[in-house]
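Chemist: below is the structure, and that's it, no one-letter string:
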């Protein structure tokens with residue numbers, strides 16, 4: 001991990017000074033997560049894509065999709081929306097008129113929020129919280145595990161170190177390392193700690 005951090009610092013410090021995050025940037029990264037310790041659901045390597053849309057120069061909305069060995073993870077906004085609609089329906093009575101199109105808009109609900117804090121040219125510390133994850137665990141890889149073949153909500157809190165490198169006009173690359181803790185919102189909580197690396201592109 002120390003070697004990876006040195007590479008990130010070295011590469012990004014060779015980039016142009018204007019390599020930085022700005023409002024309305026879209027960052028799309030390809031990531032790999034490795035388990036440090038964890039219970040059954042969080043013991044696997046995961047591979048996936050993360051998207052971060054910057055609503056300001058430093059606040060981003062997070063969307064993640066990961067999979068490997070009978071585990072699939074995505075944002076859980078649709079489930080959150082169904083929960084809100086259920087509460088509205090119960091409190092408004094049987095004749096409540098709810099627009100079903102709201103479920104389509106629910107797909108835009110982010111999994112969480114990140115905060116990109118610039119600590120020097122090209123280098124950011126980015127704490128994040130993703131409380132609206134949705135995970136499906138299935139298949140032979142998970143036989144004997146609790147809650148197998150079920151869908152459940154998950155949450156994660158973590159910290160990224162990001163290096164931004166300008167490679168062309170209006171094109172920046174992002175190198176990242178991160179560590180995060182996970183949990184499930186179930187009775188017998190599963191938990192885990194993962195570290196990861198990622199490579200992404202900033203779309204202006």
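Modeler: Alright, I've got the coordinates. These figures come from a predicted structure and were not determined experimentally.
Chemist: all contacts plus neighbour counts: C-alpha atoms, from now on.
Modeler: Noted.
Chemist: longest strand of this protein?
Modeler: strand 150-168 (DSSP state E).
Chemist: for stretch 107-120, the distance to its chain's centre please.
Modeler: Centroid separation for stretch 107-120 versus its chain: 9 Å, with CA atoms, centre = their mean, to the nearest Å.
Chemist: and the end-to-end length of it?
Modeler: 35 Å (CA to CA, to the nearest Å).
Chemist: with stretch 61-77 instead?
Modeler: Stretch 61-77 end-to-end distance (CA to CA) = 12 Å.
Chemist: name the residues of that stretch that come out as buried.
Modeler: Of all the residues in stretch 61-77, those buried under the rule 16 or more other CA atoms under 10 Å are 61-67, 70-77.
Chemist: mind telling me the two of the residues you listed farthest from one another?
Modeler: Pairwise distances across those peak at 26.8 Å for 61 and 70 (criterion: CA to CA).
Chemist: report the buried residues of the longest strand of the chain.
Modeler: Going by neighbour count (16+ other CA under 10 Å), the buried part of strand 150-168 is 152-166.
Chemist: same check on stretch 47-60?
Modeler: By neighbour count on 16+ other CA under 10 Å, the buried set for stretch 47-60 is 47-54, 58-60.
Chemist: please narrow those to those residing in strands.
Modeler: 47-54, 59-60.
Chemist: just the buried residues of strand 150-168 now: which is nearest residue 174?
Modeler: Closest to residue 174, out of all of the buried residues of strand 150-168 and judged by CA to CA, is residue 164, at 4.7 Å.
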